[in-house]
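Asker: need coordinates for the below:
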Amino acid sequence: MTQADYLAKFWMVIAHIPKGKVATYGDVAAMAGYPRMARAVGRCLKNLPEDSNLPWHRVLNAKGMLSFPQDSAKYRQQRQLLEAEGVLFQQHKIALARHRWRG
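Answerer: Residues are numbered from 1 along each chain as shown. Okay, here's the model as predicted:
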C-alpha cells in the first residue's frame, strides 16, 4: 500500500459525501477500505490545496464536532459551509444520527 493508493480512495469517498450530510474521519477511512487510518484522513485533508473542490468541510471528528479551534477562521468557514447545506448544530456538535452519511 502506498500513500497515493489510500489518498486516492479517501478523496473518492469524500467527494461522494452528499450536501447536508457529514462523515467522520473514521467513516471515511473505513469506506475507503482502511478502517484503522482515521488520522491519515485528517492529514490528507490538512494537505489539500487551497483551490481543491473536495468537500472537506463535510468531514468531522468522531464526536460530531469540527476539529478546528472554535475561535479560528477555519472553524467559522467550515461551520458556515455546513449550515448553508442545512446541517444543524446543537452548541458546537452536529447530530450524527440525523446528518451522518455512511456511503
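
Asker: hang on, residue 85 packs against residue 20?
Answerer: Yes - counting by Cβ atoms under 8 Å, residue 85 sits close enough to residue 20 to count as a contact (4.6 Å). (C-beta placed from N, C-alpha, C; glycine too.)

Asker: how near is residue 47 to residue 32?
Answerer: For residue 47, the distance to residue 32 (Cβ to Cβ, to the nearest Å) stands at 16 Å.

Asker: try residue 71
Answerer: Residue 71 sits 32 Å away from residue 32, going by Cβ to Cβ.

Asker: tell me which of the two has more neighbours.
Answerer: Higher neighbour count among residue 71 and residue 32: residue 32, with 23 against 7, using other Cβ atoms under 10 Å.

Asker: OK, contacts around the more buried one?
Answerer: Contacts for residue 32 (Cβ atoms under 8 Å, 6 or more residues apart in numbering) come out as 6, 9-10, 12-13, 41.

Asker: against residue 25, how distant is it?
Answerer: Taken as Cβ to Cβ, the span from residue 32 to residue 25 is 11 Å.

Asker: now the common contact residues for those two.
Answerer: With Cβ under 8 Å, 6+ apart as the test, residue 32 and residue 25 both reach residue 41.

Asker: so where is the chain shaky, pLDDT-wise?
Answerer: Applying pLDDT under 70 to the chain flags residues 1.

Asker: so what's the backbone phi/psi at the residue nearest to the spatial centre of it?
Answerer: In the chain, the C-alpha nearest the mean C-alpha coordinate belongs to residue 59, at 1.0 Å (Cα atoms, centre = their mean). Reported as degrees, to the nearest 10, the phi and psi values for residue 59 are phi -110, psi 130.
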